[in-house]
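Colleague: Give the three-dimensional model of this entry:
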Amino acid sequence: MSDDALAELSSLRNSIDNIDAALVHLLAERFKCTQQVGRLKASNGMPAADPIRERQQIEKLKALAVESRLDPAFGEKFLNFIIAEVIHQHEQIASTGTGAIAVVDDNAEHTGKHAGDTKHPDSEPEHADPAPDA
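Modeller: So this is what the prediction gives:
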């Protein structure tokens, strides 16, 4: 590979790393908000899931995906994954008064698990091999 190609590859990977960092920070902020929603729902006896709101959010995200030239099916899968985690957290908050998303165990970097995590019954199976330069 030429020096120019290596430099371009390095630059692109740095951009990907920056975007990944931004996504993690945005998701952390989103989950802070959804934990507050979970506490509000739990203290008012509301169910963890809100299928009407979830459908509305999925439709909005699919439309945004189309506008952004992103596969809307991917957008839907991504939001479904987030919604499943939010519902799981709301159920935890309702049953224990706390959500585990903000507490990561010491081995989380290697396992991808949160302290006290249990697999959500509707979640996708875990995959061991990440895509290169994902």
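
Colleague: measure residue 38 to residue 52 for me?
Modeller: 17 Å (C-beta to C-beta, to the nearest Å). Heads up, the C-betas are built off the backbone N, CA and C, glycines and all.

Colleague: Please say which of those two ends up with more neighbours.
Modeller: residue 38 (25 against 8; other C-beta atoms under 10 Å).

Colleague: which residues sit in contact with that one?
Modeller: 48, 86, 89, 90, 92, 93, 94, 99 (C-beta atoms under 8 Å, 6 or more residues apart in numbering).

Colleague: Identify the farthest-apart pair in the residues you listed.
Modeller: By the measure C-beta to C-beta, 86 and 94 form the most distant pair in the contacts of residue 38, at 12.5 Å.

Colleague: Now for residue 49, how many residues are close by?
Modeller: Neighbour number of residue 49 under other C-beta under 10 Å is 15.

Colleague: C-terminal to the longest helix that the chain contains, what's the next element?
Modeller: Assignment by DSSP state H gives helix 3-43 as the longest helix of the chain. Where DSSP states H and E defines the elements, the next helix or strand beyond helix 3-43 is helix 51-67.

Colleague: Tabulate the CA atom coordinates of that next one in PDB.
Modeller: These are the backbone C-alpha positions of helix 51-67, laid out as PDB (Å, rounded to 0.1, in the frame of the first residue of the first chain):
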ATOM      1  CA  PRO A  51     -45.800   0.500  22.100                       C
ATOM      2  CA  ILE A  52     -47.500   3.600  20.500                       C
ATOM      3  CA  ARG A  53     -44.500   5.900  21.400                       C
ATOM      4  CA  GLU A  54     -42.100   3.200  20.200                       C
ATOM      5  CA  ARG A  55     -43.800   2.800  16.800                       C
ATOM      6  CA  GLN A  56     -43.800   6.600  16.400                       C
ATOM      7  CA  GLN A  57     -40.100   6.800  17.200                       C
ATOM      8  CA  ILE A  58     -39.300   4.000  14.700                       C
ATOM      9  CA  GLU A  59     -41.300   5.700  12.000                       C
ATOM     10  CA  LYS A  60     -39.500   9.000  12.600                       C
ATOM     11  CA  LEU A  61     -36.100   7.400  12.600                       C
ATOM     12  CA  LYS A  62     -36.900   5.500   9.400                       C
ATOM     13  CA  ALA A  63     -37.900   8.800   7.700                       C
ATOM     14  CA  LEU A  64     -34.700  10.400   9.000                       C
ATOM     15  CA  ALA A  65     -32.700   7.400   7.700                       C
ATOM     16  CA  VAL A  66     -34.200   7.800   4.200                       C
ATOM     17  CA  GLU A  67     -33.400  11.600   4.300                       C
END
